[in-house]
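1. sequence below, structure please.
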Amino acid sequence: RAVQLPGREARIGLPPFHDAEALAAALAATAAGSRGDLFRRPFALFGHSMGALAAFEFARRLRADGLPGPVHLFVSSRPAPHLPPPSPGAHLLPDDRLLDRVRELGGTPPEVLADERLMRLVLPVLRADFAVNDGYVHRPGPPLGVPVTALGGRADADVPPAALAAWRTHTTARFRTRLFEGGHFYLRDDPEPLLRLVRETLSEG
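-> Residues are numbered from 1 along each chain as shown. Below is the predicted model:
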């Protein structure tokens with residue numbers, strides 16, 4: 001199930017989140033209030049970039065609320081939560097420089113970035129996503145008892161292997177890292193190796 005956050009697609013008219021803990025609390029409330037559908041069978045969490053931070057905080061919130069947690073946590077293209085964000089202060093940049101930062105990360109087609117009308121709609125959401133990362137303050141706590149796999153692109157200068165390996169401190173269970181060809185948005189370039197890894201990991205139990 002894909003999580004559709006406010007400010008995107010069918011929810012584009014709603015204000016986006018600017019805070020990771022508020023986002024995690026909303027996810028947990030939605031999960032608990034959806035007739036418990038999420039908890040009817042084992043589930044895993046996958047989060048990419050800012051989504052990795054959201055998935056981590058969501059898992060911690062489920063534990064704090066006494067709700068069933070994931071059987072596995074996949075975190076992608078994001079340094080471990082206790083490390084500094086890869087683009088501190090990016091959400092405060094002027095529009096043109098923020099767009100330059102988005103170009104550096106890749107993953108957004110040039111024709112989309114060149115569409116001024118579209119970017120006027122999208123830019124506040126991008127800025128909010130950067131604000132979630134920039135404003136996050138890690139609260140030390142017991143590590144999760146959930147297996148964690150940290151994923152990234154070999155050419156991602158913002159998230160080097162050491163930043164992925166640092167996720168190890170946030171679980172007492174099995175931990176792995178895996179690098180794929182590509183940059184920050186390696187999963188868009190060739191999703192099949194990632195999907196295969198997720199299937200194989202979950203089939204291991």
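
2. all strands for the protein, in order.
-> Applying DSSP state E to the chain gives strands spanning 44-48, 72-76, 148-153, 175-180.

3. figure out how far the longest helix along the chain is from the centre of its chain.
-> Taking DSSP state H as the criterion, the chain has its longest helix at helix 116-135. Here helix 116-135 is found 15 Å from its chain centre; the criterion is Cα atoms, centre = their mean, to the nearest Å.

4. using CSV, list the CA coordinates for that helix.
-> Extracted in CSV, the C-alpha atoms of helix 116-135 (Å, rounded to 0.1, in the frame of the first residue of the first chain):
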residue,chain,number,x,y,z
GLU,A,116,6.7,27.0,-14.3
ARG,A,117,3.0,26.5,-13.6
LEU,A,118,3.5,23.0,-12.4
MET,A,119,6.5,23.9,-10.2
ARG,A,120,4.4,26.6,-8.5
LEU,A,121,2.1,23.8,-7.3
VAL,A,122,4.9,21.4,-6.5
LEU,A,123,7.5,23.6,-4.9
PRO,A,124,5.7,24.1,-1.5
VAL,A,125,5.5,20.3,-1.1
LEU,A,126,9.2,19.9,-2.0
ARG,A,127,10.1,22.7,0.5
ALA,A,128,8.0,21.0,3.1
ASP,A,129,9.8,17.7,2.5
PHE,A,130,13.1,19.4,3.0
ALA,A,131,11.8,21.0,6.1
VAL,A,132,10.9,17.6,7.6
ASN,A,133,14.5,16.5,7.0
ASP,A,134,16.1,19.8,8.1
GLY,A,135,14.0,20.2,11.3
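
5. would you point out the helix or strand in the protein whose mean pLDDT is lowest?
-> helix 110-113 (a mean of 76; mean pLDDT, DSSP states H and E).

6. circling back to that earlier point, would TSV of the strands of the chain with mean neighbour count be doable?
-> For every residue, glycine as well, the C-beta is placed using N, CA and C. Putting these into TSV (neighbours: other Cβ atoms under 10 Å) gives the following:
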stretch	mean neighbour count
strand 44-48	20
strand 72-76	25
strand 148-153	25
strand 175-180	17
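
7. quick one, which of these is nearest to Pro94?
-> Minimum separation from Pro94 across the strands of the chain (Cβ to Cβ) falls at strand 44-48, 26.1 Å.

8. the closest one: how far from the chain's middle?
-> Centre to centre, stretch against its chain (Cα atoms, centre = their mean), the figure for strand 44-48 is 7 Å.

9. next: stretch 11-26.
-> Centre to centre, stretch against its chain (Cα atoms, centre = their mean), the figure for stretch 11-26 is 13 Å.

10. nice, that's everything, thank you.
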